[in-house]
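> next come a sequence and a model predicted from it.
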Amino acid sequence: MQYQIFIMRRAKRQLEKLPIGVQERIAESIGKLGINPDDVSLDVKPLTNDSEARYRLRVGNYRVKYNRDDGIRIVEIVRVGHRKEIYR
C-alpha cells in the first residue's frame, strides 16, 4: 500500500525555484518514495541532529528532507534544496 505525500508550503516554494530538469528528477524520486519508502534504490539516510526532519533523500546535488509516519502511511516533505544550503 502506498504512502500519501504531503509537501509543505515552504518545500513547494523551494522546489519551484529549481531548474525544470531538477524539479522533474526530484518529483520522480518523491513519487518512488511514496510507493515504497524502504526502496534500496533510493538514497535515503536518517538524520540524527536535525530538529525539522528525520530523513533525507539524495537526488544528485539536491536533498529532500522529510518525515514519515508508518502507522498512518504518510510522507511529509519539509525542505528541498541544494546540498550546500539544506543543512543550515
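Right, received. Where do you want to start? Please read all numbers here as calculations on a predicted model, not as lab measurements.
> ok, Gly31 - contacts?
For Gly31, the residues meeting the contact criterion (CB atoms under 8 Å, 6 or more residues apart in numbering) are Ile5. (Glycine included, C-beta is placed from N, CA and C.)
> quick check: the gap between it and Thr48.
Distance, Gly31 to Thr48, using CB to CB, to the nearest Å: 27 Å.
> who's Ile5 bridged to?
Here Ile5 sits in beta bridges with Val75, as judged by DSSP bridges.
> check what pLDDT it gets.
Ile5 carries a pLDDT value of 97.
> wasn't Ala53 part of a helix?
No. Under the criterion used here (DSSP: H, G, I helix; E, B strand; the rest coil), Ala53 is coil, not part of a helix.
> from here on, call the first residue 17.
Renumbered: residue one is now 17, and that last one reads Ala69.
> for stretch 96-104, buried residues please.
Val96, Gly97, Ile102 (16 or more other CB atoms under 10 Å).
> can you pull the contacts of Gly37?
So Gly37 contacts nothing (CB under 8 Å, 6+ apart).
> secondary structure class for it?
With three-state DSSP as the criterion, Gly37 reads helix.
> ok, back up a step: of the buried residues of stretch 96-104, closest to Glu32?
Val96 (9.4 Å; CB to CB).
> list the beta-bridge partners for that closest one.
Going by DSSP bridges, Val96 forms beta bridges with Val80.
> show me where pLDDT drops low in the protein?
Counting by pLDDT under 70, the chain contains no low-confidence residues.
> hmm, try it at 90
17, 103-104 (pLDDT under 90).
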